[in-house]
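Peer 1: Structure of the sequence below:
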Amino acid sequence: MAATTAQPMGSLPSGLGICTTAPDIFYLPELVFGGLVWILVASTHVDPPNPLGWVMFVSVFCFVVTFLWMIIFAAGGHKSSSGWAAADFAYHGLAAFFYLSAGVDLAYITFLKKFSGPFKSYQIDIAAVVFCFIATLLYFIHTILSSFRWKNF
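Peer 2: Numbers count the residues shown, from 1 in each chain. The predicted structure is shown next:
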């Protein structure tokens, strides 16, 4: 028989429960793919600075806030408050929107740099675009599942 990850309505996971319940199981993949975007964009020449600065801001901001959010949930700092369920939904929705905008900017800049600059930088930028859209998808799924949890709180 399969193990269930269902929680009683009106509660948020804490401790290792965040590693076994949806949507909280997405914290680690969000950190991994967001960190990869950060590392890959930072490893190339950030030119032009304005759109790529936005990509760097989004990846660093979301990495730090998601890490802090995960620590708060793991430590049980939310005390199963409905406000935290709403804030979880709002933050992940904002992060999904930020990553979507950063992914579009990064894809556009990468497309423009296709024939200029070293091919290795182009390949790194392509990888960053792919990981940025994967992070967008993860944050979006987390938002949808958080909205279900918030609705049932």
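
Peer 1: Would you confirm that residue 101 contacts residue 54?
Peer 2: Yes: with contact defined as CB atoms under 8 Å, residue 101 reaches residue 54; the gap is 7.4 Å. (Glycine included, C-beta is placed from N, CA and C.)

Peer 1: Geometric centre of this structure: which residue is closest?
Peer 2: residue 30 (4.2 Å; CA atoms, centre = their mean).

Peer 1: Phi, psi for residue 24 please.
Peer 2: phi -70, psi -20 (degrees, to the nearest 10).

Peer 1: what's the longest helix in this structure?
Peer 2: helix 119-151 (DSSP state H).

Peer 1: Which neighbouring elements make contact with it?
Peer 2: When contacts are defined as 3 or more CB pairs under 8 Å, 6 or more residues apart in numbering; DSSP states H and E, helix 119-151 packs onto helix 27-42, helix 49-75, helix 82-112.

Peer 1: roughly how far apart are residue 124 and residue 118?
Peer 2: Distance, residue 124 to residue 118, by CB to CB, to the nearest Å: 9 Å.

Peer 1: what about the two, which has more around it?
Peer 2: residue 124 (17 against 11; other CB atoms under 10 Å).

Peer 1: what about residue 151, how many neighbours?
Peer 2: Count around residue 151 with other CB under 10 Å applied: 9.

Peer 1: That should have said residue 64, apologies.
Peer 2: For residue 64, the count of nearby residues is 12 (other CB under 10 Å).

Peer 1: mean confidence for the longest helix of the chain?
Peer 2: For helix 119-151, mean pLDDT rounds to 95.

Peer 1: hmm, back to that, thought the residue nearest to the centre of the chain was touching residue 138?
Peer 2: Yes: under the criterion of CB under 8 Å, residue 30 makes contact with residue 138 at 5.0 Å.
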